[in-house]
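**Student:** Have a look at this prediction, sequence included:
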Amino acid sequence: MIPAASIPALLGGARGLRGVAQGYLAVAFLPALHTLGWSSLTLGGALSGGLLADFLLTLVVGAFADRLPPRRLLMAGELAGGLATLPFFLHPSPLTLVLALFLAGAGQRSNGSPGPWGPSEQILLARLPPSTAPFLHFGHTMALGLAGMGAGALLARGVTVAPERALHMGMAGLLASSLACLFLVSRLPPEPPPSPAPAGPTPQENEETPSSERRKLLLLVATNVTGGLAMGLVDPVIAYWFLVRFHPGTASIALALATAFGASAAVSLLLGRIRSTATLPLAVLALMGISVAAGLTLPFAATVGAAGLLYAIRLSGMKAPGGIRQALALTLVHPRRKGRAAALHLSSLQAAQIAGPLLAGLLFGAGQTTAPLVAAGALAGISLGLFFLLYRSGRQKERPTRLPESEKGGRTGQGSEAISPSVRGNLRIKGWGGRQGG
């Protein structure tokens with residue numbers, strides 16, 4: 001039997017493989033369709049439709065994430081993604097391409113994400129025994145996904161083919177990654193039987209009331225909505241923006257995006273290694289602030305090189321902390337509601353992103369290549385402010401004094417009965433309202 005310690009490697013490997021296909025499509029997908037005559041409005045509408053499909057599927061999967069084994073849900077997701085690409089090979093057409101976009105995430109998923117099946121992945125990571133760095137696994141899996149995207153972008157740089165052939169290669173990459181990820185996910189250890197619930201309410205459950213959870217989740221949703229729309233206006237259509245703004249070749253676009261994905265992977269890796277739970281949210285806030293500044297400067301870049309550098313800084317501040325923010329979202333609720341929190345986090349991000357590509361397509365069609373990026377920068381700034389409020393709300397929940405050592409030991413004993421070490425280790429987030437059992 002494969003040990004539980006292999007879970008991060010298997011999930012990270014799957015993210016990396018998905019990332020290769022996603023990175024290739026990030027470079028090749030929109031330029032190929034543009035060459036085939038698709039308008040900016042059609043491109044934006046197709047991407048928005050794919051994001052809407054992911055959002056709806058996330059709501060469905062999230063409802064079952066706490067009830068069904070995560071391994072089975074992830075396997076179902078890989079099967080669905082692989083099957084969705086097959087009609088395009090049998091009959092290449094806009095209809096079958098849109099089907100792959102809706103169900104397999106062609107051209108619109110990123111970070112090596114499994115899309116709507118992401119809550120199951122997060123639950124598996126949250127149940128792991130604590131390491132020296134509390135969010136090591138979340139940061140590493142995100143880094144592997146972004147590194148895979150960088151490799152996929154470089155792969156697109158070295159391939160010069162007709163647009164039809166480029167789309168076939170992208171669909172083949174999605175199918176191959178789905179099959180490979182299906183194998184890796186099938187190797188995950190089976191779920192242990194759930195531990196019996198305690199007879200009465202535990203002190204940890206009483207410490208954090210549902211109303212307090214709801215307030216923090218509302219702030220989480222607010223920062224996700226503004227940040228998600230900022231991402232939706234830029235990231236799914238960034239290759240198209242480079243194309244219409246500077247008219248470069250595919251090789252230049254691929255190099256710019258590969259640099260951005262590689263830099264984001266490195267930052268995510270470093271974030272995952274931070275051991276201080278008090279420092280981690282502050283690091284995320286600092287990165288978001290730098291990202292906002294770079295994003296507001298990006299639309300006024302004079303050259304492809306300058307734009308690529310600014311986009312790399314912007315993406316590193318928005319994408320790299322993604323794994324950490326996913327993990328922080330799980331600390332806002334009681335461990336039994338982790339699946340719902342993960343689904344709420346992902347679905348609120350996705351819901352806001354839905355309109356982004358369509359709005360960007362409308363503006364690009366009207367010749368406004370600067371407006372979507374300026375609006376995205378402003379929204380990212382609002383998201384930063386809301387994230388700061390969420391951080392402050394967590395700090396206000398901290399205990400004003402320390403318990404005596406004898407009493408502290410008794411509390412730890414009670415917490416160990418109520419919550420397993422694998423969950424408790426990921427809940428000690430200073431400045432995030434994440435007390436034991438929170």
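**Tutor:** Arrived safely, thanks for sending.
**Student:** Name all residues that make contact with Arg67.
**Tutor:** By C-beta atoms under 8 Å, 6 or more residues apart in numbering, Arg67 lies in contact with Gly339. Where you see a C-beta, it was placed from the backbone N, CA and C, and this is true even at glycine.
**Student:** and if we set it to 10 Å?
**Tutor:** 73, 339 (C-beta atoms under 10 Å, 6 or more residues apart in numbering).
**Student:** A strand includes it, no?
**Tutor:** No. Per DSSP: H, G, I helix; E, B strand; the rest coil, Arg67 lies outside any strand segment and is coil.
**Student:** quick one: it and Trp117, what's the gap?
**Tutor:** 14 Å (C-beta to C-beta, to the nearest Å).
**Student:** Kindly report the same for Phe364.
**Tutor:** If you measure Phe364 against Trp117 using C-beta to C-beta, the figure is 31 Å.
**Student:** Pretty sure Asp267 sits against Ala147.
**Tutor:** Slight slip there: residue 267 is Val, not Asp. No. Contact between Val267 and Ala147 fails when scored by C-beta atoms under 10 Å: they sit 11.5 Å apart.
**Student:** Leaving out sequence neighbours, find the closest residue to Ala380.
**Tutor:** Ala230 (4.1 Å; C-beta to C-beta, 6 or more residues apart in numbering).
**Student:** Tell me the spacing between that neighbour and Pro94.
**Tutor:** 29 Å.
**Student:** Just want to know which of the two has more residues nearby.
**Tutor:** Between Ala230 and Pro94, counting by other C-beta atoms under 10 Å, Ala230 is the more crowded of the two (30 against 12).
**Student:** quick one: what helix or strand has the more buried one in it?
**Tutor:** Applying DSSP states H and E as the criterion places Ala230 in helix 210-234.
**Student:** between whichever helix or strand comes after that helix and helix 210-234, how many degrees?
**Tutor:** Per DSSP H and E, the first helix or strand lying C-terminal to helix 210-234 is helix 238-246. Angle, helix 238-246 to helix 210-234, by axes from the mean of the first three to the mean of the last three C-alpha atoms, to 10 degrees: 40 degrees.
**Student:** Past helix 238-246, which element shows up next along the chain?
**Tutor:** Downstream of helix 238-246, the first helix or strand assigned by DSSP H and E is helix 250-272.
**Student:** So Ser276 is in contact with Phe135, correct?
**Tutor:** No. Here Ser276 lies out of contact with Phe135, judged by C-beta under 10 Å, at a distance of 11.2 Å.
**Student:** Looking at these two, which has the bigger crowd around it?
**Tutor:** Under the neighbour definition other C-beta under 10 Å, Ser276 and Phe135 were set side by side, and Phe135 has more, 28 against 11.
**Student:** which non-adjacent residue is nearest the more buried one?
**Tutor:** Leaving aside its chain neighbours, Phe135 sits nearest to Ala327 (4.6 Å; criterion: C-beta to C-beta, 6+ apart).
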